[in-house]
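J.: The sequence and its predicted three-dimensional model are supplied below.
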Amino acid sequence: MVTASKDRRQKNCLTTGLTFEERAFVEKYRIERNTVQETMVIPLYGRWLCSKRFPTLFADASAARLMEKIDYDFSELEKRSDSVVQVFGALETAMRQSDIAWEVRDYLKEHPRAAVINLGCGLDDTGRACDNGMCRIYNIDLPDVIALRNRLLPAGGREQNLALDLRDPKWTDTIDARPSDGAVLFAAGVFYYFPTDQVRRMIVAMAERFPCGRLVFDAAGKAAVKLMLKTWVKQAGIQNVGAYFSVKNTKAELEAWSPRLSVSSRGYMLGYQKLDDPAVRPIHRLLAKIADGPMRLQIVRVDFRGTV
């Protein structure tokens with residue numbers, strides 16, 4: 001549940017440039033513990049931390065503004081903010097967002113009027129960051145999340161925030177996506193929370209509804225998914241959120257789901273850019289190689305064939 005409150009306390013307030021007086025009167029919106037919606041705090045915090053630690057590599061001004069507007073106990077994350085694991089986790093989150101944005105912009109070069117669809121959007125503003133002035137942006141998530149998003153990130157021109165359940169294939173009927181214009185869909189940190197068979201059904205339905213479209217999402221091997229539960233999710237104190245979807249041989253596994261799917265992937269730590277910020281430590285570079293290698297952290301690109 002999301003509720004609004006006036007927070008005049010300094011407790012867990014992260015310094016983002018606001019004065020004491022400004023921070024004291026910021027209207028905050030509470031995120032309840034142990035809910036699926038709580039998981040949107042993790043990538044938001046990661047984007048904020050990465051912007052703070054590696055400013056020449058990644059900058060997300062909106063993350064700092066959003067952090068000030070959320071009533072949430074960040075203490076579990078804050079007390080580990082200097083740890084190698086926590087910092088690397090933030091780096092992972094930022095690289096994932098940057099890589100997905102690259103793929104969205106790449107699609108928009110050939111389809112400038114496409115529908116840009118953020119699946120499980122949380123408080124991510126990638127669609128807006130990729131806006132070329134002609135595309136239509138749809139941000140989709142559960143009702144509680146959209147209620148919060150409407151307060152913190154209200155939709156702009158050519159943009160809609162939609163409260164829909166991705167498990168119901170009828171959600172695609174709400175999207176104005178003309179085949180001639182195209183559609184690029186993306187999901188960041190979303191499919192881990194669905195069983196593999198459910199992910200299969202969702203992707204096949206998207207391919208049928210959006211011919212010649214593109215889906216971009218992050219995936220990982222089974223070992224990495226288990227590690228995620230032991231680090232970011234567990235350290236944040238989030239309970240009762242299962243992670244199911246993982247991949248081994250991405251192209252072979254996903255293309256077997258439907259002849260409409262053309263699949264490729266890249267490692268998402270080093271597959272799109274070099275970690276050339278001087279603040280990135282050697283241990284982080286080593287972990288990045290492990291992540292893209294044995295852990296199989298990757299950005300998956302699925303192009304939907306128009307005819308089969």
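T.: Structure's in. What do you need? Residues are numbered from 1 along each chain as shown.

J.: Go through stretch 180-199 and flag the buried ones.
T.: Applying a neighbour-count criterion of 16 or more other Cβ atoms under 10 Å, one finds 181-194, 199 buried in stretch 180-199. For the C-beta atoms, the positions are set from N, CA and C on the backbone; glycine is no exception.

J.: cool, and stretch 267-287?
T.: Residues of stretch 267-287 classed as buried under the neighbour-count rule (16+ other Cβ under 10 Å) are Gly267, Tyr268, Met269, Leu270, Tyr272, Leu275, Val280, His284, Leu287.

J.: Then stretch 68-86?
T.: Along stretch 68-86, these residues count as buried under the neighbour rule (16+ other Cβ under 10 Å): Glu68, Lys69, Ile70, Asp71, Tyr72, Phe74, Leu77, Arg80, Gln86.

J.: Ok, stretch 50-69 next?
T.: By neighbour count, and taking 16+ other Cβ under 10 Å as the criterion, the buried residues in stretch 50-69 are 50-54, 57-58, 60, 62-69.

J.: From Gln97, how far out is Pro43?
T.: Relative to Gln97, Pro43 is positioned 8 Å away (Cβ to Cβ, to the nearest Å).

J.: The residue nearest to Gln273 when sequence neighbours are not counted: how many residues sit nearby?
T.: Of all residues beyond its chain neighbours, the one nearest Gln273 is Ser98 (7.1 Å), with distances taken as Cβ to Cβ, 6 or more residues apart in numbering. Each residue near Ser98 was counted by other Cβ atoms under 10 Å, and the total is 20.

J.: So which elements touch whichever strand or helix holds Ser98?
T.: Secondary structure assigned from DSSP states H and E places Ser98 in helix 84-110. Judged by 3 or more Cβ pairs under 8 Å, 6 or more residues apart in numbering; DSSP states H and E, the packing partners of helix 84-110 are helix 41-53, helix 126-129, strand 183-187, strand 214-219, helix 282-292, strand 298-304.

J.: Next secondary structure element downstream of that helix?
T.: Using DSSP H and E, the helix or strand that follows helix 84-110 towards the C-terminus is strand 115-119.

J.: okay, the angle between that following strand and helix 84-110?
T.: With axes from the mean of the first three to the mean of the last three Cα atoms, to 10 degrees as the basis, strand 115-119 and helix 84-110 are set at 160 degrees to each other.

J.: Tell me the neighbouring strands of strand 115-119, and mark each as parallel or antiparallel.
T.: Here strand 115-119 is paired, per DSSP bridges, with strand 136-141 (parallel), strand 183-187 (parallel).

J.: Quick one: work out the angle between the very next helix or strand once past the longest one and strand 136-141.
T.: Okay, so that is strand 136-141. Toward the C-terminus, strand 136-141 is succeeded by helix 143-152 as the next helix or strand (DSSP H and E). For helix 143-152 against strand 136-141, the angle between stretch directions is 130 degrees (the same axes, to 10 degrees).

J.: Return the distance of helix 143-152 from the chain's centre.
T.: The chain centroid and the centroid of helix 143-152 are separated by 16 Å under Cα atoms, centre = their mean, to the nearest Å.
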